[in-house]
Structures are given as structure tokens and as C-alpha cells.
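>>> Sequence and predicted structure are below.
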Amino acid sequence: MQMKVSVIFIIWACLVSLLVSGCFDHAMVKGYAGPDMEVQELATIEINGNCYLEVDGAAVELPKLGLNDVHVQFRPGIRDIGWTLDPFFWGFDFSMGGTFKAEAGRTYKVQLRWLEKSLTEAEDHATWLEDMETKEVVVGRKPEWVDSKKSKGISF
């Protein structure tokens, strides 16, 4: 009887773990100092947890969530942003950064694409920051080959 109860408990625990882990596809991170603000007063960056992020020269601690997004909220205004792909996770080191005007209520997403033939050659992959409402590239450059059938990648 005890064995049967143990097996049922293990199965139940596994099902609960799967259910809970599937419910959280991103984490929210406060990327600014000071008191909490309303979501509509902030700008948001969506980035993969397997990256390093700096906003205005300050490192932002990102939880490691595999390929799931981290939503970093920060104050609107002129922002200096930089990100680096975690070389241990991605197998290569690649960075991008720049300055842009972040608007309240907007979401900006870090994009990564590479050519099908290679993920390790620096000239064969690109990363940029895109305004999700307007699809405008606000930091970096989206190469022409990104829209080709040979382009692979993910949106963080």
C-alpha cells in the first residue's frame, strides 16, 4: 500500500511541476531604481534569459529561463542599452548596443537571426532591438538576408 501511495505522489508531483513550469513563459524584472510605477508609465524590453543586459551602464540581473523571454521594465526616455549573448549557452559571443528613445507603454524586443549554414561565424548572424508596435529597428541593423529562406533564428 505504501508503495502505491509513493508512486501516486510522484506522478502527482511531476504533473504539478509540468503544469507550473508551462504557465510561466516569461519573467518580469524591474530595471530601474526608485518606487514602483504603473506598467503603462514604463517601457519594456523583451530579451532571452540567456543574455546579459545593461541599461544606462547598469547591469540588469536576468533569470535564466532557457529560451523563454524576460520582460525588463524601465523608465522611458533616452536610454543607452547593450546586450551580449551568453557564450556558454549560445556557443559564441556576440554583442550589440546603442542609444534610443524609449517610449512609455511600448515594448522593444531583442531579435537574433543567423544564416542556415552557420551559427558560429560572426558575419553570419545579427541581433537588433525592434519596436514591437511599429516594427522599427531602434538599435542595430536588420540585414537584408534576414528575410530570406536561409535565415534561421528566434525572437527573444
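Noted; the coordinates are in hand.

>>> going forward, measure contacts between C-alpha atoms and count neighbours the same way
OK.

>>> so Met132 makes contact with Lys109?
Yes - using CA atoms under 8 Å, Met132 makes contact with Lys109 at a distance of 6.5 Å.

>>> Settle it for me: which of these two has more neighbours?
Using other CA atoms under 10 Å, the more surrounded residue of Met132 and Lys109 is Lys109, with 22 against 15.

>>> give me the element that one is part of.
Here Lys109 sits within strand 107-115, counting by DSSP states H and E.

>>> which element follows that strand toward the C-terminus?
For strand 107-115, the succeeding helix or strand toward the C-terminus, using DSSP H and E, is strand 125-131.

>>> neighbouring contacts of that following strand?
96, 106-115, 119, 136-143 (CA atoms under 8 Å, 6 or more residues apart in numbering).

>>> Show the buried residues in the residues you listed.
Buried members of the contacts of strand 125-131, scored by 16 or more other CA atoms under 10 Å, are 96, 106-115, 119, 137-140, 142.

>>> Tell me who's in contact with Met132.
Arg106, Thr107, Tyr108, Lys109.

>>> Of the residues you listed, which is the nearest to Leu62?
Closest approach to Leu62 among the contacts of Met132 (CA to CA): Lys109, at 14.8 Å.

>>> Please tell me how far the closest one sits from Trp128.
Applying CA to CA, to the nearest Å, the value for Lys109 to Trp128 is 8 Å.

>>> got it, and Thr44?
Thr44 is 15 Å from Trp128, by CA to CA.

>>> excluding its backbone neighbours, what's nearest Glu103?
Pro76 (5.0 Å; CA to CA, 6 or more residues apart in numbering).

>>> Quick check: the one you found vs Glu130, distance?
Using CA to CA, Pro76 is found at 15 Å from Glu130.

>>> next one: Asp36
Using CA to CA, one obtains 25 Å as the distance from Asp36 to Glu130.

>>> and if you look at Ile47?
Relative to Glu130, Ile47 is positioned 11 Å away (CA to CA).
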